[in-house]
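Chemist: Here is my input; please provide its structure:
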Amino acid sequence: MQHTHAQRSRKNRGFTLIELLIVMAIIGMLAALVGPAVFKRFGGAQRDAAKAQISNLAAVLDTYRLDMHKYPNSLDALIKNPGSNKRWNGPYLPKPILPKDPWGNEYQYKQPGTHGTDYDLYSFGADGREGGEGDDADIKNWE
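Modeler: Model prediction:
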């Protein structure tokens with residue numbers, strides 16, 4: 001069966017500008033409806049990731065304490081021997097760098113702790129500053 005030139009060009013011409021505009025409008029409406037919910041979940045996921053990392057760092061700090069009989073003065077001691085102590089059995093982290101929180105900031109560590117704990121380990125949250133609410137709230141090991 002032979003197709004004429006007009007039939008082939010109609011078949012291969014693609015979408016019209018109106019059709020493309022309608023599809024773009026539908027995609028825009030879906031993004032407006034779904035977008036806020038996705039970003040809300042994303043912020044919650046980052047907070048959950050920070051809590052998990054703090055928990056993992058706490059376990060690593062406990063391992064350090066078992067070896068050294070005390071908690072380190074800084075998180076750097078988890079990577080390199082703070083002196084020439086023969087009990088140091090590190091590095092205690094799988095990579096030779098300290099992990100950053102989900103927002104790219106360093107975790108805060110104070111030893112001794114000031115909240116009834118042996119140490120304070122926390123993230124400043126999304127804003128990178130102390131305090132805040134919602135996604136900007138600090139994530140702490142003592143709460």
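Chemist: ranges for the strands of this structure?
Modeler: Along the chain, the stretches classed as strands by DSSP state E are 108-110, 120-123, 139-140.
Chemist: Give me the sheet partners of the longest one and which way each runs.
Modeler: Counting by DSSP bridges, the strands paired with strand 120-123 are strand 108-110 (antiparallel), strand 139-140 (antiparallel).
Chemist: List the buried residues of the first one.
Modeler: Going back to what we said before, that points to strand 108-110. Tyr109 (16 or more other CB atoms under 10 Å). Glycine gets a C-beta too; all of them are placed from N, C-alpha and C.
Chemist: Need the residues that contact that strand.
Modeler: Strand 108-110 is contacted from outside by Ser74, Leu75, Tyr119, Asp120, Leu121, Tyr122, Ser123, Phe124, using CB atoms under 8 Å, 6 or more residues apart in numbering.
Chemist: Go again with 7 Å.
Modeler: Ser74, Leu75, Tyr119, Asp120, Leu121, Tyr122, Phe124 (CB atoms under 7 Å, 6 or more residues apart in numbering).
Chemist: thinking again about what came up before, JSON lines please, covering the strands of the chain and showing mean pLDDT and distance to Arg65.
Modeler: Shown next, in JSON lines, are the strands of the chain (pLDDT from 0 to 100; distance: least, CB to CB, whole Å):
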{"stretch": "strand 108-110", "mean pLDDT": "95", "distance to Arg65": "13"}
{"stretch": "strand 120-123", "mean pLDDT": "95", "distance to Arg65": "13"}
{"stretch": "strand 139-140", "mean pLDDT": "92", "distance to Arg65": "19"}
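Chemist: Between those, which one is closest to Ile79.
Modeler: Nearest to Ile79 among the strands of the chain is strand 108-110; the distance by CB to CB comes to 12.8 Å.
Chemist: those helices in the protein, which residues are they?
Modeler: Under the criterion DSSP state H, the chain contains helices at 5-11, 17-68.
Chemist: Need the winner for burial among these.
Modeler: Comparing these by mean neighbour count (mean count of other CB atoms under 10 Å), helix 17-68 ranks first with a mean of 13.
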